[in-house]
Each structure stands twice: as C-alpha cells, then as structure tokens.
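Visitor: quick one, what's the 3D model for this:
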Amino acid sequence: MNKPIEQLKNRICAARFRELMIRAMDGELDAQAQSKLDAHLKSCARCRASFARQQFAMQLISQYTLPDASPAGKPEWVKVSAFAKPQPELSRGWIASRFLNRRGVVVTMAIVVLILAIFAWRYFQSPPVTWEIVRLTGNPKINQRILTRTDKIAMGETVETDSQSRAMIQVGIIGQVEIDANTRLRLISAGAKNHRLALERGKIYATILAPPQEFFVETPSALAVDMGCAYSLEVNDAGESTLFVKSGWVALKLGGRESLVPAGSMCQTKPGIGPGTPYFEDATKRFKIALERLDFQNGGKEELTIVLNEARVKDTLTLWHLLERASGEARLPIYERLARLAPPPDEVTREGAVAGNRDMLNRWRERIEYLSIGIDLTNAPTATGTLKPVGAMIDARFNHSATLLNDGRVLIAGGREKQGTILSSAEIYDPATGEFTATGAMKTPRVGQTATLLPDGKVLIAGGSDSEFFYGALSSAELYDPTTGQFSTTGDMHAKRLAHKATLLQNGKVLITGGQGEDLPNHDTTEIYDPMTGVFTLAAKMHEKRADHTATLLADGRVLVTGGSDARHATIQVSDTAEIYDPVNNQFTAAGKMSVVRFKHSAELLPDGRVIIIGGSNVTLYEGRYASAEIFDPQTRQFTPTGKLNTARYKIRDAVVLLSNGKILVAGGGRAEVYDPATGLFAAVKGGMGTTRFYATATLLQNGEVLIVGGYSAESNNMSANASAWIYQPE
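Guide: The predicted structure is shown next:
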C-alpha cells in the first residue's frame, strides 16, 4: 500500500473509533455500540493495541503512588519498585468526594495533574521497551516463565539459567549478550543510549558494536562500561567479578576508582574495593600474583618490585594504572620503569607525571594504549597518494554493495542507514561528473548482500538480510540491468544466506559459499548460479561451516576460501583453515592453515598469483582485532607472515582493493593504508576520511582511482551510517 494513503487511513480509523473507546473505558456503551467496537477491535490491530494501552493506563493510574527514595548505595537492580504499594481505585466518586471538600480542591487538582503528568511522560514519551531473547539450550526462565524458542524480555524482568540451560539477548540493535549456565541477569534499562543489565551471579558473553558508554552491566562490585567490544564477565557467590576483554575496551568503575581494560586483558573486582589493575593473561605467574596482592591484600614494596621487574612493553598499561593509583615513594620507581618501556611524549615531564598531572597522564596513556597491543604509531611509514572528498551519496549506508559496471560507473545498493532502517534504494556514481544519481530500487531491502558483475553486464544481488536483528537472512536474488536502471527478480538460492561470499568463476557462473542462516548456525553448503538459466543449483559442501570468510578467485580458475565462523553467538568457533574449490570436478580440498584464526577479514589476489590475507578478528582468543597479514602461495599451499597493518582492523571484506600499480589499498576499519608486495610493508596514507568506516566499500575505477563510500564509525550513534564519499588517487 502507498505509505501516505496508509497513514491517512490509519488516522481516519483512529478518529472514527476514538470516541467509542473512550466511552467504553467509562462503561457508557450500549450493547449495539459495544458489539460494533468489539468487531472493529478484532479486525484492527492498531486500534486494538491503542485500546489495550488505554486500559493499562487507567489501571496504572488507579494504582499509582509516588516512589519512595531508593536505598542509598544500592545498585539499580535492587531498588524499590515505584508500583510496590497499590492504592485505592481513583473512581469518579472518589474524585468527586474530594472536590466537594472546598479546602481540598487545590491539593486534589495538583495531585491528579502530577499523577497524569508523570504517567504521560513515563508511558507515552518513553514506552516500555522489550529486547529479543533466544533460548539456546535447556529451559531458561524469565520471572519463572519458561522461554519459548524466541521470546521477549522487558525492563525489570530477570532471566535465569540452570546448569543445563543457556540463552541469548539481542541488545536492541547494538549487539548480543549470551547468558551462560547458572546465571541470573536482569534488564534494567533499554533506552536509546542507556542499555543496562545487572549481573547478580553467573557468566555472560557480550558482543557490542556501539559508541562508547551506551551499554552497561552492573555487578555487586563494579560497573562495566562498554567501549565497543566483546568480553566475558563472571560474578561468583561472594560478589567478586572477573572481566576478560576479547576485543575493544571495557571500563570498570566503582566510586572514583576506574580501570580501562583493553583487548586480551583481564581485571578482577571485589565488593567494597572495586576494580583492580588490568593485566594480560599471558603475563608471568609471579607478575599476576604480586599484582593481586597489591590490589586486594595490602601488598607493599616487595610485590611492587616483582611487578616492575617482570613487566614487558605489553604490560605498560598495567604500570600506567599503578602509577595513577600509587602514592608517595612508590610513584618514582613506577614512572622510571614505565618510561623505559614506553617513553612518554615530549609534553609529559617526569615531575608532572610523578606529581599525578592528569593531562600529562592521559596524553601518555594514548601512546601506551597502542603500545600495549603492539602498535607504535610514531614509527608508521607514510604512503604516497592522496585522499579527496567527492561529495555525498544520496543515502547514508553501510554493509552495502558497490559494483563497477562495464561503462565505468559504480552501482551502490542497499545496506543499513540507521536503527531499524534497511535500504532498498540504489544509486549510481559517475566518475565523469563526480556525482551520485538515483537509480531503480531493489525489490527487497537488503543489508550484507553480495553483488557480482556478470559477463552480460548485469549485476547479481544475492542474499543478505532485511532485518535489523542478528538472525535474519534472505534466500532471494535479483538482477540489476544498467541499460534500464531497474532491478528484476531471478531464481532463489536453496538457503537463506547472510555474511556469505559470491565469486565469479571463469566460466561465467557464480559460486556462492557459506553464510549465516536464518537461525544461529552457519552454512557449509555452496551453490552455483547460472546466468543463462537464472537458476541456483547446489554444489559441493565445504569442509567447515563458514560465515564472514573470504573467497578469492585464483589465477588458475579455482577459488581459495579462508577462515570464517561456524555460528553467530559469543561462543562461536573461528577457523584458521583454508580450502580450495575446483569447479572442474566440483570438489573442495584442504589448503593448509593460516597463522591465526580469522573472520571478518579480507583477501586479495596479488599480481604474482599469491593471495594476501589481511586483518580480521577472533572473538574467542586474546588478539581481538588483528593488525597481522599473511600470504598464501597456491603452489606450496603455505601461509607465510608479511608486514603488519599500522591499525588493527576488521569488517573490511569489501574495503580492500588491488590497485593498478600492483599495490593493495586497505580503506576500511581505520586510517587508509597501502601494502607494497615489493617490500612487504603497510604504509599509512596521509590525511583521513574522518571515520573508521566499518563495512565501507572500495571500488577500483577504470582510471586507476578508488571510490570509497559509506560505512559507520565506532563514534556514531546506534551505528548510524555515513553518506560521505572519497577518492583515493595513487602516486
């Protein structure tokens, strides 16, 4: 239905039946009018929901009492409910009796107005919010109610698992929280910028992709503040918690005490004390024992000496926290050891740092944060070439597709714009004019789809998702015809796929591999699309389930598949294996192992026939996002390390491109960099694009330049997309 017409009909419907609903609330309808209203409510979901809200509002007003002050010092998950004390019904007779007392008129009116104002603000401006929750195993419960396969959890409700059950919460649109066995977790707040849970006991695994300080978890001994990351958090029976950060950063806070915990590190907290000092799991045993004594057991000079002697460059963030918290004579030896491992910036003086100058300590920490994960930005080489802005797309978007057409223009389609907005729109970039113009829209809104230029010049769009939630996927496909500027449907895939890969084979057909299905498990299946018939047929199975993997056409016509994950939840298994598909015999064969497990990485064919594997992530081990890269040689089937990126990055599947000069441009997930196969080094490009650009696209144009569009940054609200576009010009 046309959207304006649909909105007009909704308004007419609401106006016709509003009076009936109001009179029904007052019990003033006769049998005929009540029957008319009942029949309409049965057929109209919108009015039925509105009537239910009004009934709830009347019931609420009849029971409402102003909340008592919350107990001092208690976390939000043990505060007294505002509705704990039912009050007498506010009938018309009750109100009228108060009005008959002239002395009470003003007070009564003030109370009624206050109650109605509070109600309107809380229940119309900020309606109750629910989050999706999925049962993974066993029989988890919400407030003693057993979960269905997919369910809802509302603010104030508690989910509890026993030894045989596990569940997963979809945190709005910003991530997921997996709930381990024997865990009790409560939803406190589901606001736009205040997603808050309370972990009373047990263990959770959180994967959050949002701006800093939008997701919080309360524990009895600290508040965990997400900085855009993946982590596990466990609370024992004594209220002590242990945080392990898998990627990104997490801040732990209690009162004025704070610890910033980076990827690969841990931190413990204790009631009444708060967070200890973060440390890396691979630190020496002596280091960790001495640090725990310093944090929680009144350790002294002996323990501090052990920590300083055992510290590595990787442990400088731990020393920084010690310097910040230490007092008196202990500050000088900490400073001296820290300065040897991580020399401070020029503006940081010894006197100022030892005295606890906040500005100096914060500037030093910026350098230490990078050093702790193995990156020294002061020594990064600089690449030649320039970046320049070229205006903006019509629609902001990320996780879209961008395809170079035969006439030199670029088709940009789909993606996500902001919360709840999956795009069907498409637009064309013309290098001759430097402008974006609208073209026909896709038949289905899609994010995360693949786009493949076919031999006849059309573009195959396959799969993706039309849902903002993590378990949606599509099996449908469509074709874009540049001559008409329109999309048309083609055959459906045999499976619903998201985070899959599409590879144009030398025979003109398209290989579709893996991907995430409609539910949590990923696919090991593959299929072939034939442009001549418009039909997908099943092909050989891969050796593993894979999503967010890579698939690269080799010079001899075979396809190299690397990495990926087997499912989409916090305990996924990420792969380090590779396999090669041979379209001649329709078989996959093993092709060795990478140096690390990877998913959400990228791969590109080099001019000499080898393949470079770049970046990615591993949410199950310590590394988190990768700065590493490696080279696959099809002749030996061996992977060998090469130079490191200057910035660790992932979500770069379509933002890496082979330049005309044989070098590789990495344009997504951070500051742009160029890899030179002759030296094996990455060099940062001068200037920037103002954002880290996760899920951006980079497209090599016919003139040798690269169009970079879209993406989102860690600083954007609710993963809002970017509309800006840039051109990279090689040297």
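
Visitor: how about the strands in the stretch 351-500 of the chain?
Guide: Across the stretch 351-500 of the chain, reading from the start of the chain, the strands by DSSP state E, counting those that start in this stretch fall at 382-383, 386-392, 401-404, 410-413, 416-418, 421-422, 426-430, 435-439, 450-453, 459-462, 477-481, 486-490.

Visitor: Asp151: which of those is closest?
Guide: When the strands of the stretch 351-500 of the chain are compared for distance to Asp151 using C-beta to C-beta, the nearest one is strand 421-422, at 23.1 Å. For every residue, glycine as well, the C-beta is placed using N, CA and C.

Visitor: I'd like to know which helix or strand in this structure has the lowest mean pLDDT.
Guide: The least trusted helix or strand in the chain, going by mean pLDDT, DSSP states H and E, turns out to be helix 92-100, with a mean of 34.

Visitor: thinking again about what came up before, now the strands of the stretch 351-500 of the chain in TSV, with mean neighbour count and mean pLDDT?
Guide: Putting the strands of the stretch 351-500 of the chain into TSV (neighbours: other C-beta atoms under 10 Å; pLDDT from 0 to 100) gives the following:
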stretch	mean neighbour count	mean pLDDT
strand 382-383	18	71
strand 386-392	14	90
strand 401-404	22	98
strand 410-413	25	98
strand 416-418	22	84
strand 421-422	18	89
strand 426-430	21	98
strand 435-439	15	97
strand 450-453	22	98
strand 459-462	26	98
strand 477-481	21	98
strand 486-490	17	98
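
Visitor: where's Thr589 relative to Thr513, distance?
Guide: Plainly put, Thr589 is 14 Å away from Thr513 if you go by C-beta to C-beta, to the nearest Å.

Visitor: nope, Gly248 is what I was after
Guide: Gly248 sits 28 Å away from Thr513 when distances are taken as C-beta to C-beta.

Visitor: neighbour count for those two, which is higher?
Guide: Higher neighbour count among Gly248 and Thr513: Thr513, with 28 against 22, using other C-beta atoms under 10 Å.

Visitor: for the closest residue to Phe694 other than its chain neighbours, what are its contacts?
Guide: Leaving out its chain neighbours, the residue that sits closest to Phe694 by C-beta to C-beta, 6 or more residues apart in numbering is Lys651, at 4.2 Å. Lys651 makes contact with Lys600, Gly668, Gly669, Phe694, Tyr695 under the criterion C-beta atoms under 8 Å, 6 or more residues apart in numbering.

Visitor: which SS class is Lys651?
Guide: Under DSSP: H, G, I helix; E, B strand; the rest coil, Lys651 falls in the coil class.

Visitor: in the stretch 151-300 of the chain, which ranges drop under the pLDDT threshold?
Guide: Applying pLDDT under 70 to the predicted model, the residue ranges of the stretch 151-300 of the chain that meet it are 192, 209-211, 228, 247.

Visitor: ok, which stretches of it are strands?
Guide: Going by DSSP E, counting those that start in this stretch, the stretch 151-300 of the chain shows strands at 158-160, 166-171, 175-179, 184-191, 194-208, 215-218, 223-226, 230-235, 241-247, 249-254, 257-262, 265-270, 274-275, 279-280.

Visitor: Lys663: which of those is closest?
Guide: strand 241-247 (28.1 Å).

Visitor: ok, the closest one: who's next to it in the sheet?
Guide: In its sheet, strand 241-247 lies beside strand 230-235 (antiparallel), strand 265-270 (antiparallel), with partners assigned from DSSP bridges.

Visitor: residues contacting the last one, please?
Guide: Applying C-beta under 8 Å, 6+ apart, the set of residues contacting strand 265-270 from outside is 219, 221-222, 239-245, 252, 254, 259, 261, 275-281, 292, 295-296, 317, 372.

Visitor: can you tell me which of those are buried?
Guide: Among the contacts of strand 265-270, those that count as buried by neighbour count (16 or more other C-beta atoms under 10 Å) are 219, 221-222, 239-245, 252, 254, 259, 261, 275-280, 292, 295, 317, 372.

Visitor: so what's Arg184 closest to, chain neighbours aside?
Guide: The spatially closest residue to Arg184, leaving aside those adjacent along the chain, is Glu200, at 4.4 Å (C-beta to C-beta, 6+ apart).

Visitor: what's the answer for Leu332, then?
Guide: Nearest non-adjacent residue to Leu332, counting by C-beta to C-beta, 6+ apart: Val354, 5.8 Å away.

Visitor: how about the one you found, what does it touch?
Guide: For Val354, the set of contacting residues under the criterion of C-beta under 8 Å, 6+ apart consists of Arg331, Leu332, Tyr335.

Visitor: and for Asn585?
Guide: When contacts are counted by C-beta under 8 Å, 6+ apart, Asn585 touches no other residue.
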